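1. Have a look at this fold, sequence not included:
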């Protein structure tokens, strides 16, 4: 783990430009039935960013997952330059496989301005990430059951602050705090840092909707899939420094779960807000 996995993620997000406003991305060689949603969202943001002039930074992203992605074939990203203004730039991105859209998103970019400033407070009493087990240590008792999901290299180091895998058989509060960071060093490119946190933001958020129901994410009769994903970028950050992902689920009903997240720097700055709705089906 560590730097090689992070370098692989950087390569994954480095799309091939094949025509004006058209880019091609690939998926890692892992045994998955569908492409990880965070990968598609991150690659789409890369595609949008490559059509924006320097000086503009992403401030919002709104995305819909339309069909499962096929990890065995490339993904084409078509960018529509909706608007180029003096302060704001808007892009629409459609991800295409087998001639059909699997994902679409709108991203808005803004030049930096000085203005009013306030934020919600970072949660208090959160354990330091250095005192918490990493993914492999936390899930070691389930290594055989998880198979490749346990053994493969992970570019994002995630450390849960409250519960362990053995707690998932009891009803928990619909909230969790997770420290995350790229498990290695990243170049000084704000676009890359935004795209990597976009990738990571899809890793744990929807799982928050299961916590009150004594259901673990590895249940054989459980099917989960992201439906939509929205992010607002408030302040600068680095994805290779610890970020606290504070997550809550206000509602689960009708086969869908809603979760929201606030991402803070270690010093307490709110840098990103996230919302996601996902499909949750039991008995599949």
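-> It's in. For clarity, every value in this text was computed on a predicted model and none was experimentally measured. Residues are numbered from 1 along each chain as shown.
2. My reading is that residue 199 lies in a helix. Confirm?
-> Yes. Assessed with DSSP: H, G, I helix; E, B strand; the rest coil, residue 199 lies in a helix.
3. check contacts around it.
-> Residues near residue 199 by Cβ atoms under 8 Å, 6 or more residues apart in numbering: 9, 13, 38-39, 41-42, 156. Bear in mind the C-beta positions are built from the backbone N, C-alpha and C, glycine included.
4. Count the neighbours of the closest residue to residue 169 other than its chain neighbours for me.
-> Nearest-residue entry for residue 169: residue 214, 5.7 Å, with adjacent residues in sequence omitted and distances by Cβ to Cβ, 6 or more residues apart in numbering. For residue 214, the neighbour count with other Cβ atoms under 10 Å is 12.
5. Specify the beta-bridge partners of the closest residue to residue 55 other than its chain neighbours.
-> Leaving out its chain neighbours, the residue that sits closest to residue 55 by Cβ to Cβ, 6+ apart is residue 111, at 5.6 Å. When assigned by DSSP bridges, residue 111 has beta-bridge partners residue 56.
6. is it true that residue 111 touches residue 56?
-> Yes. If you go by Cβ atoms under 8 Å, residue 111 and residue 56 touch, sitting 5.8 Å apart.
7. quick one, strands of the stretch 1-150 of the chain?
-> In the stretch 1-150 of the chain, the strands defined using DSSP state E, counting those that start in this stretch lie at 16-19, 22-25, 56-65, 75-84, 88-97, 100-111.
8. Residues in contact with the second one: which ones?
-> Contacts of strand 22-25 from elsewhere in the structure, counted by Cβ under 8 Å, 6+ apart, are 12-13, 15-18, 43, 46-47, 50, 74-79.
9. Can you report the mean pLDDT over the residues of that strand?
-> Mean pLDDT, strand 22-25: 98.
10. What of the third one?
-> Confidence over strand 56-65, taken as the mean pLDDT, stands at 98.
11. contacting residues around it?
-> Strand 56-65 is contacted by residues 37, 40-41, 44-45, 48-49, 89, 102-112, 190-191, 194, 198, 225-234 when judged by Cβ under 8 Å, 6+ apart.
12. how near is the residue nearest to residue 169 to residue 28?
-> With distances taken as Cβ to Cβ, to the nearest Å, residue 214 is found 32 Å from residue 28.
13. Check residue 222 too.
-> 23 Å.
14. Same check on residue 236?
-> According to Cβ to Cβ, residue 236 stands 29 Å off from residue 28.
15. related to what we said a few turns ago, in PyMOL, how would I select the buried members of the contacts of strand 56-65?
-> In PyMOL syntax, the buried subset of these is picked out as below (16 or more other Cβ atoms under 10 Å):
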select buried, resi 37+40+41+44+45+48+49+89+102+103+104+105+106+107+108+109+110+191+194+198+226+227+229+230+231+232+233
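16. got a list of what the residue nearest to residue 169 touches?
-> Shown in contact with residue 214 (Cβ under 8 Å, 6+ apart): 168-172.
17. wait, which of those residues is closest to residue 259?
-> Distance to residue 259 across those (Cβ to Cβ) is lowest for residue 172, with 13.7 Å.
18. longest single helix anywhere in the chain?
-> Ranked by residue count under DSSP state H, the longest helix found in the chain is helix 37-49.
19. what's that one packed up against?
-> If you count contacts as 3 or more Cβ pairs under 8 Å, 6 or more residues apart in numbering; DSSP states H and E, helix 37-49 packs onto helix 3-13, strand 22-25, strand 56-65, strand 75-84, strand 88-97, strand 100-111, helix 190-200, strand 222-233.
20. thinking again about what came up before, okay, residue 236 and residue 28: which has more neighbours?
-> Taking other Cβ under 10 Å, residue 236 and residue 28 do not tie; residue 28 has more neighbours (17 against 13).
21. How about the more buried one, nearest residue that isn't a chain neighbour?
-> Nearest residue to residue 28, sequence neighbours excluded (Cβ to Cβ, 6+ apart): residue 12, at 6.4 Å.
22. Correct me if wrong: the one you found contacts residue 40.
-> No. Residue 12 is beyond contact range of residue 40, at 11.0 Å (criterion: Cβ under 8 Å).
23. Show the low-confidence segments of the stretch 51-200 of the chain, by residue range.
-> Within the stretch 51-200 of the chain, the ranges that satisfy pLDDT under 70 run 146-152, 166.
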